[in-house]
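> can't give you the sequence, but here's the structure:
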């Protein structure tokens, strides 16, 4: 995929903000790695979930643009942080819902990062336009 373009090639790229879990497990680390990868691909900007949790951070961006949340597991920490601040994400990816098993290794499996990245791009075009 070309850097900075949607997988369908469309030129409509609204302001998009990504919040990732980055928890202390394999899926938490994959959520963060996928978010960084998405930034590098031109999907959007990464926002600090921890900073947002303490009442600082890009509240205006989260309220005015598209918000993607990537959580590692069913604890859904990143989504819960946003909900506590009154923000409902436009899209939410939970890595364990994709069939990946959570463990307490901090290793990042690149195939998992690829799958999460593909799912994020696909969320922009759920009708299959990607």
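Cool, got the structure. Everything quoted here is computed from the prediction, not taken from an experiment. Residues are numbered from 1 along each chain as shown.
> same for the helix or strand that contains residue 118, what does it pack against?
Assigned by DSSP states H and E, residue 118 belongs to helix 110-123. In terms of contacts (3 or more CB pairs under 8 Å, 6 or more residues apart in numbering; DSSP states H and E), helix 110-123 is packed against helix 26-41, strand 66-71, strand 91-94. Where C-beta positions appear, they are placed from N, C-alpha and C, glycine not excepted.
> Give the rounded mean pLDDT of that helix.
Averaged over helix 110-123, pLDDT sits at 96.
> now that helix and strand 66-71, what's the angle there?
Angle between the axes of helix 110-123 and strand 66-71 is 150 degrees (criterion: axes from the mean of the first three to the mean of the last three CA atoms, to 10 degrees).
> can you give me the angle helix 110-123 makes with helix 26-41?
Using the same axes, to 10 degrees: helix 110-123 against helix 26-41 is 60 degrees.
> how close does residue 62 get to residue 40?
When CB to CB, to the nearest Å is applied, the distance between residue 62 and residue 40 equals 21 Å.
> next one: residue 57
Taken as CB to CB, the span from residue 57 to residue 40 is 21 Å.
> so where is this protein shaky, pLDDT-wise?
For the chain, applying pLDDT under 70 flags the ranges 1-14, 58-61, 127-130.
> Roughly how far does residue 40 sit from residue 49?
18 Å.
> Show me which of the two is the more surrounded one.
residue 49 (25 against 12; other CB atoms under 10 Å).
> my guess is the more buried one contacts residue 78, does it?
Yes - using CB atoms under 8 Å, residue 49 is in contact with residue 78, at 5.0 Å.
> Mind listing the shared neighbours of the two?
19, 20, 21 (CB atoms under 8 Å, 6 or more residues apart in numbering).
> Save these as a markdown table, and put in distance to residue 123 too.
Rendered in a markdown table, the data for the shared contacts of residue 49 and residue 78 read as follows (distance: CB to CB, whole Å):
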| residue | distance to residue 123 |
| --- | --- |
| 19 | 14 |
| 20 | 14 |
| 21 | 17 |
